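> sequence first, then the predicted structure, then my questions.
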Amino acid sequence: MDIQQIKEIAETMRENGLTLVELTEGGNTLHLERGSVPAEAALPVPAAAQPTVAAVPAPAPECGGIEVKSPIVGVFYASPSPDSEPYVQVGSHVKKGDTLCIIEAMKLLNEISAECDGEITEICAASGQVVEYAQVLFRIK
């Protein structure tokens, strides 16, 4: 990724009011974050591109009531297309790895999967709603 691409991403962040973008490309991760300083007063400073360290997987959660949170800022979609059924509804039984929703960020569609087997007890976002990083999307029991 060259400096021009990073500048374009930063400009897109400013234009769309995004405060956090994290991209991984070829083993390198780019993390851009804007504070509450007006865009004219501060330039976004990209973090140094570093190889991504694989996280040690946590033990499989005991589904006694977990929250599935958004890993990114974007638009929440409950179904694959506007005229199709939602992936899940309250009361749906899901297995680890099942698709729960899609979050669109920067024209990329990101599938969000269940972290464990369980039953959907709450859907905390509406289709078409902009969701923030770490916002609770679902509760699974």
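Cool, the structure landed.

> what about residue 31, how many residues nearby?
14 (other Cβ atoms under 10 Å). Heads up, the C-betas are built off the backbone N, CA and C, glycines and all.

> bridged to residue 130, which residues?
Residue 130 has these beta-bridge partners by DSSP bridges: residue 75.

> how close does residue 128 sit to residue 102?
11 Å (Cβ to Cβ, to the nearest Å).

> got any residues that touch both of those two?
With contacts defined as Cβ atoms under 8 Å, 6 or more residues apart in numbering, the residues shared by residue 128 and residue 102 are 76-77.

> pick out whichever of these two has more residues nearby.
Taking other Cβ under 10 Å, residue 128 and residue 102 do not tie; residue 102 has more neighbours (20 against 11).

> residue 139 is in contact with residue 125, correct?
No. With contact defined as Cβ atoms under 8 Å, residue 125 does not count as touching residue 139 (11.5 Å).

> how about the strands of the chain, start to end?
Applying DSSP state E to the chain gives strands spanning 20-25, 28-33, 50-51, 66-69, 74-77, 93-94, 99-105, 108-113, 118-123, 130-131, 136-140.

> quick one: residues in contact with the first one.
Residues from elsewhere that reach strand 20-25 (Cβ under 8 Å, 6+ apart): 1, 9, 13, 29-34, 52, 72-73, 105-106, 133.

> pick out the least confidently modelled helix or strand of the protein, by mean pLDDT.
strand 50-51 (a mean of 46; mean pLDDT, DSSP states H and E).

> so where's the chain shaky on pLDDT?
The chain contains residues with pLDDT under 70 at 1, 35-64.

> most centrally placed residue in it?
The residue lying closest to the centre of the chain (Cα atoms, centre = their mean) is residue 72, at 2.5 Å.
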